[in-house]
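# Fold the stuff below for me.
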Amino acid sequence: MPVQSLLDSIRRGESLDRFLERWPELDLKQVLAVMAWALDDLIQRERIPPSPPQASLLPRTDDKGVINNAADLGADQVVGRKVLCPACRKLVFRSWPEGWDAHAEHRCAGITAVDPTRRKNEFKKRYGHLFR
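Reported below is the predicted structural model:
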């Protein structure tokens, strides 16, 4: 099978019928099998790592309008809104992300690091998707 010729033909936008005219010893079934193999090979080589599972696509709020599932959301859904701290689930930020750094450095019970800089880095690493 002239695989490179087939790929060149596809890149030029030629039809499979045109390719088969130039290679009469091949049939459509063979060509489609090679294309399926090439696609499978490409998918295996260029596999995109799975993203973290998303539990919800929409913000869930309590009766005071506080978003309580921020960890499952994106920045566009939480910035400027009342958000329950995704780490400790105790502090309510009045306007996310204002004050996150001081909270993460000194008070957040959901952060395990001891050093203030490391605490802040841990928070940012876990919840970086909530920042623009």
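# Could you use CA atoms for every contact and neighbour count after this?
OK.
# And the strands in the chain, which stretches?
For the chain, the strands defined by DSSP state E occupy 83-84, 92-93.
# export the helix ranked longest in the chain as CSV, just CAs?
Criterion DSSP state H: the longest helix present in the chain is helix 28-45. Extracted as CSV, the C-alpha positions of helix 28-45 are listed here (Å, rounded to 0.1, in the frame of the first residue of the first chain):
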residue,chain,number,x,y,z
LEU,A,28,-11.7,0.9,-1.4
LYS,A,29,-11.8,-1.6,1.5
GLN,A,30,-8.0,-1.7,1.7
VAL,A,31,-7.7,2.1,1.6
LEU,A,32,-10.3,2.6,4.3
ALA,A,33,-8.6,0.0,6.5
VAL,A,34,-5.3,1.9,6.2
MET,A,35,-7.0,5.2,7.0
ALA,A,36,-8.6,3.6,10.1
TRP,A,37,-5.3,2.3,11.2
ALA,A,38,-3.6,5.7,10.6
LEU,A,39,-6.4,7.5,12.6
ASP,A,40,-6.1,5.0,15.5
ASP,A,41,-2.3,5.5,15.5
LEU,A,42,-2.7,9.3,15.6
ILE,A,43,-5.2,9.1,18.4
GLN,A,44,-2.8,6.9,20.5
ARG,A,45,0.2,9.2,19.8
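# mind checking how far that helix is from the chain centre?
27 Å (CA atoms, centre = their mean, to the nearest Å).
# Can you list the buried residues in that helix?
Of all the residues in helix 28-45, those buried under the rule 16 or more other CA atoms under 10 Å are 31, 34.
# And for stretch 18-31?
Taking 16+ other CA under 10 Å as the neighbour-count basis, stretch 18-31 is seen to contain the buried residues 19, 31.
# Span of it from start to end?
The distance separating the two terminal residues of stretch 18-31, taken as CA to CA, to the nearest Å, comes to 12 Å.
# and if you look at stretch 9-18?
Distances were taken as CA to CA; on that basis the terminal residues of stretch 9-18 are 9 Å apart.
# just stretch 73-93 next, same as before
First-to-last distance for stretch 73-93 - CA to CA - comes to 15 Å.
# who's in contact with that stretch?
Contacts of stretch 73-93 from elsewhere in the structure, counted by CA atoms under 8 Å, 6 or more residues apart in numbering, are 54, 56-59, 65-71, 94-97, 99-100, 108-111, 123, 127, 129-132.
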